[in-house]
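*Asks:* pasted the sequence and its predicted model underneath.
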Amino acid sequence: MTQQWQVEGTFFEACSCKGACPCLFAGDPTEGTCDALVAWHIERGGMGEISLDGLNLAMALHAPGNMTAGDWKVVVYIDDSASQQQHDALVEIFGGSAGGHPATLADFVGEILGVESTPMRYDIEGRHHRLEVGEIAEASLTAIEGQNGEDVTISGHPVAVAPGNTGTVARSERIAHSGYGLDWRFEGRTAFYSPFQYQAA
């Protein structure tokens, strides 16, 4: 029997697609392939008696074509402030072995290039999100201002990291990753963020 768990908080994803990302609608990436950085800040959550409050997790990924075709190559980064028990719980949850929506996402992964424990910082200031993953990766993105100064949002998209939530469309100032053969740096590309809630099925 799978141990009970639940996590919730904020996540963002930023990728190499230009304009409105077609991957969210099961279309092909604008650049033919898709390089992306995805990060989760857990505001509240736990597995059994293990609290996961305040921890972060990030994933760098490369999709060779349409996201729904799978065969993603990924590197997983886990907040080094996590204890060994917390680390193991995060690996179990986000690796998909604990079930829930992360298990659905894990089905698209063809190869895990590495799992590292590293210093991480995820800051949210209004419409601006910033992530630092040691010396390995960084991201800075800001929500696009829509009509009457409101957010531009998207909901009901079929390829969703956080199903059931409305995403806020953003643009990256800078996204970079170095290591494991996933070496890229770009700016002014697609990004968005939203709340997320995952739990045991």
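*Replies:* Right, received. Where do you want to start?
*Asks:* and the contacts of the helix or strand hosting Pro195?
*Replies:* Secondary-structure assignment from DSSP states H and E places Pro195 in strand 190-199. Identification of contacts with strand 190-199 by Cβ atoms under 8 Å, 6 or more residues apart in numbering yields 5-15, 17-21, 40, 93, 100-102, 129, 139, 141, 143, 154, 161-162, 164-172, 175. (C-beta placed from N, C-alpha, C; glycine too.)
*Asks:* among the residues you listed, which are located in helices?
*Replies:* Residues of the contacts of strand 190-199 located in helices (DSSP state H): Ile93, His101, Pro102.
*Asks:* what sits against the second one?
*Replies:* Pointing back at His101 there. Counting by Cβ under 8 Å, 6+ apart, the residues that His101 touches are Pro163, Tyr198.
*Asks:* now the contacts of strand 190-199: which count as buried?
*Replies:* 5, 7, 9-15, 17, 21, 40, 93, 100-102, 129, 139, 141, 143, 154, 161-162, 165, 167-170, 172, 175 (16 or more other Cβ atoms under 10 Å).
*Asks:* the strands in the chain, which residues?
*Replies:* 5-15, 34-47, 50-51, 56-63, 72-79, 109-118, 120-125, 128-133, 137-143, 153-154, 167-177, 184-186, 190-199 (DSSP state E).
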